[in-house]
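Visitor: Take a look and give me a structure for this.
(one chain, ligands or ions: 1)
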Amino acid sequence: MKKGYFGKFGGMFAPETLMPALEEVERAFKAFTNDTSCMQHYASLLKEYNGRPTPLYFASRLTESLGGAKIYLKREDLNHTGAHKITNALGQALLARYMGKTRLIAETGAGQHGVATATAAALLGMECKIYMGTVDIARQRSNVFRMNLLGAKVVPVDSGGKTLKDAVNEAMRDWTKTVRNTHYVFGSALGPYPFPTMVRTFQSIIGKETRQQILEKTGSLPHEVIACVGGGSNAIGIFSAFIEDKDVILTGVEAGGHGIDGKKHAARLCKSKHSRPGILHGSYSYVLQDENGQIADTHSISAGLDYSGIGPEHSYLSGIKRVNYTYATDEEAIRGFTALCELEGIIPALESSHAVAYTLKRSPQLAKNQTIIINLSGRGDKDIFSVADYLGKSI
Ligand SMILES: *Cc1c(COP(=O)(O)O)cnc(C)c1O
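Guide: From the prediction side, this is the model:
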């Protein structure tokens, strides 16, 4: 495959001023991953600071209540700061310091990536600025306060749909002016090369751990692995270890919002009417857009899935039919959320609840001796206000 491409998807569509910076990141990333002492430092932080490896937990009550396949949860919600994002943020922050940068910037939707980047910046003594849409600031205010506590400056973005896409635009604008001392920590397997490859590499530890854990627990590979897909980093992280195992079904669950016939959703690979390949934020991939090619605004109850684009490797994996993409609506996600709270004592992130929601439908179709693994990408403390609003309750 051509460098930086997954089939015809991916590439490096960036302003001229950013090309040297992208090439610098590419070179440094190669050197960093080949440097034993750097990788040892990263591995020790993941273990001592992050809490890796995260457990693979057998959800017995959820399994029993559905009467089908055995369901295991990869507990990414138990990472420091509450989601898988920190694993990538720590890797990129170490890389930034390795490159001699003193300042980190990032975009954030749900706030989880902002919190993870702010955390890594505090840990490594770096300056940090986080761009965030004002819609997301309103629904994720506890994460905004956490970023402030960690010493980061949160910059409200009031343009466009005031969510993730608009925050990425602002962060890119900052980076073009500050590349000399600044690294842009992309939060998902998105953006121009080398970011999709780099983020996948840092998150692939999820899949490596899961593969080993399921083999230890059951002696065989799972029947199916299910993950929610925003930009696609938690999904590609867990899928990457199973892609060569053609018998393992891989399923990505997108945000179906109010349903995919209208415009209030973020289902890019589920054959919704206005999803077509296009260029957004530095790479060629499926993008939700209107008749004139204007990027469409999206809707999801979960801020982390509320994005018009998707990582290019997912467009490729969809095209070659290695991964199936489906969706769960807001209402179904709430049902997944509630089920996990009541049956397992785990409050999941609304993003992860989309993967749980699909499992509620899927598990009863399978036999009791088959296994499903859900990548439980994060915990739901940040989402209690959104859930209360949805259920018409006040906190
Ligand atoms: C950000 C986020 C996601 C979506 O991002 P991906 O890159 O698709 O993984 C999913 N779950 C949680 C908990 C998140 O914070």
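Visitor: could you give me the average pLDDT of stretch 198-216?
Guide: Stretch 198-216 shows a mean pLDDT of 98.
Visitor: Please save the CA atoms from it in PDB.
Guide: Output of stretch 198-216 as PDB, limited to C-alpha atoms (Å, rounded to 0.1, in the frame of the first residue of the first chain):
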ATOM      1  CA  MET A 198       0.500   6.500  15.200                       C
ATOM      2  CA  VAL A 199      -2.700   6.500  17.300                       C
ATOM      3  CA  ARG A 200      -3.500   2.900  16.100                       C
ATOM      4  CA  THR A 201       0.000   1.800  17.200                       C
ATOM      5  CA  PHE A 202      -0.400   3.400  20.700                       C
ATOM      6  CA  GLN A 203      -3.900   1.900  21.100                       C
ATOM      7  CA  SER A 204      -3.000  -1.500  19.800                       C
ATOM      8  CA  ILE A 205      -2.100  -2.500  23.300                       C
ATOM      9  CA  ILE A 206      -5.800  -2.900  24.000                       C
ATOM     10  CA  GLY A 207      -6.000  -5.700  21.400                       C
ATOM     11  CA  LYS A 208      -2.700  -7.400  22.400                       C
ATOM     12  CA  GLU A 209      -3.900  -7.600  26.000                       C
ATOM     13  CA  THR A 210      -7.400  -8.800  25.100                       C
ATOM     14  CA  ARG A 211      -6.100 -11.500  22.800                       C
ATOM     15  CA  GLN A 212      -3.800 -12.900  25.500                       C
ATOM     16  CA  GLN A 213      -6.500 -12.600  28.200                       C
ATOM     17  CA  ILE A 214      -9.300 -14.300  26.300                       C
ATOM     18  CA  LEU A 215      -6.900 -17.200  25.300                       C
ATOM     19  CA  GLU A 216      -6.000 -17.600  29.000                       C
END
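Visitor: wait, what's in contact with residue 376?
Guide: Residue 376 sits next to 73-77, 346, 348, 352, 355-356 when contact means Cβ atoms under 8 Å, 6 or more residues apart in numbering. Every residue, glycine included, has its C-beta placed from N, CA and C.
Visitor: List just the nearest of those residues to the ligand.
Guide: Closest approach to the ligand among the contacts of residue 376 (Cβ to the nearest ligand atom): residue 352, at 5.5 Å.
Visitor: thinking again about what came up before, filtering the contacts of residue 376 by proximity to the ligand, which remain?
Guide: Near the ligand, taking Cβ under 6 Å from any ligand atom as the test, the members of these found are residue 352.
Visitor: taking the contacts of residue 376 one by one, which sit in strands?
Guide: Those of the contacts of residue 376 mapping onto strands are 73-75, per DSSP state E.
Visitor: Buried ones only from those, please, as a PyMOL command.
Guide: Buried subset of the ones in strands among the contacts of residue 376, written as a PyMOL selection, criterion 16 or more other Cβ atoms under 10 Å:
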select buried, resi 73+74+75
